[in-house]
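*Asks:* Got a predicted model here, sequence first, then my questions.
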Amino acid sequence: MSDGRVKGVVAMNGFYWFALSGSQMTLLPLLLTDPTGLALSATSVGKVYMGMSLVQVMCNPTLAKFADKMGKEKAILFGCALISSSMATLPFCTDTNHVAATLGLWSLGSTMLSTAPVAYVSDVVHAEKRAQGIALLRTAGDVGFLLGAA
């Protein structure tokens with residue numbers, strides 16, 4: 001996998017999963033349950049994660065079409081922009097409506113970054129090495145996920 005395009009997407013995917021596990025899996029529950037902030041119950045936090053998953057399930061087919069039509073590179077950048085702006089905005093949300101809107105945008109960005117990098121690697125890697133390219137992408141994501149949660 002010496003192609004620079006693949007290396008860039010693999011690195012981005014590793015950093016994405018690093019940020020996801022550190023922020024969404026570790027810090028978000030703390031932010032949502034902070035007694036001086038939103039003070040959500042454990043049940044409400046579960047509903048937040050359910051809502052984020054629902055957004056991803058419902059929007060995945062549409063955003064996959066968007067990635068195919070507009071281009072995988074643009075879809076990756078769009079997903080990164082949505083997640084970054086959501087992460088930057090979330091600490092300033094003061095009520096559940098703002099949090100819901102912000103996490104909805106975060107979920108849309110996550111949807112883009114679940115589909116577009118795999119499609120991109122599939123497009124740029126030769127057929128005989130496609131499985132290796134996708135495995136490398138997944139491995140970078142898994143390593144990022146492990147390190148981000150630490």
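*Replies:* It's in. Numbering: from 1, shown residues only.
*Asks:* and the most centrally placed residue in the chain, what element?
*Replies:* Central residue of the chain (Cα atoms, centre = their mean): residue 110, 2.8 Å from the mean position. Assigned by DSSP states H and E, residue 110 belongs to helix 96-124.
*Asks:* so what's the residue nearest to the centre of the chain up against?
*Replies:* 20, 52, 56, 79, 83 (Cβ atoms under 8 Å, 6 or more residues apart in numbering). Placement of C-beta: from N, CA and C, glycine included.
*Asks:* give me that answer again for 7 Å
*Replies:* 56, 83 (Cβ atoms under 7 Å, 6 or more residues apart in numbering).
*Asks:* Can you tell me what sits against the helix or strand residue 13 falls within?
*Replies:* Here residue 13, judged by DSSP H and E, is contained in helix 4-20. Residues outside helix 4-20 that contact it (Cβ under 7 Å, 6+ apart) are 76, 113, 117, 120-121, 124-125, 133, 136-137, 140-141, 143-145, 147-148.
*Asks:* Residue 37 in helix, strand or coil?
*Replies:* When classified by DSSP: H, G, I helix; E, B strand; the rest coil, residue 37 comes out as coil.
*Asks:* Mind checking what secondary structure the nearest residue to it once chain neighbours are set aside has?
*Replies:* Spatial nearest neighbour of residue 37, excluding adjacent residues (Cβ to Cβ, 6 or more residues apart in numbering): residue 31 at 6.7 Å. Using three-state DSSP, the structure places residue 31 in helix.
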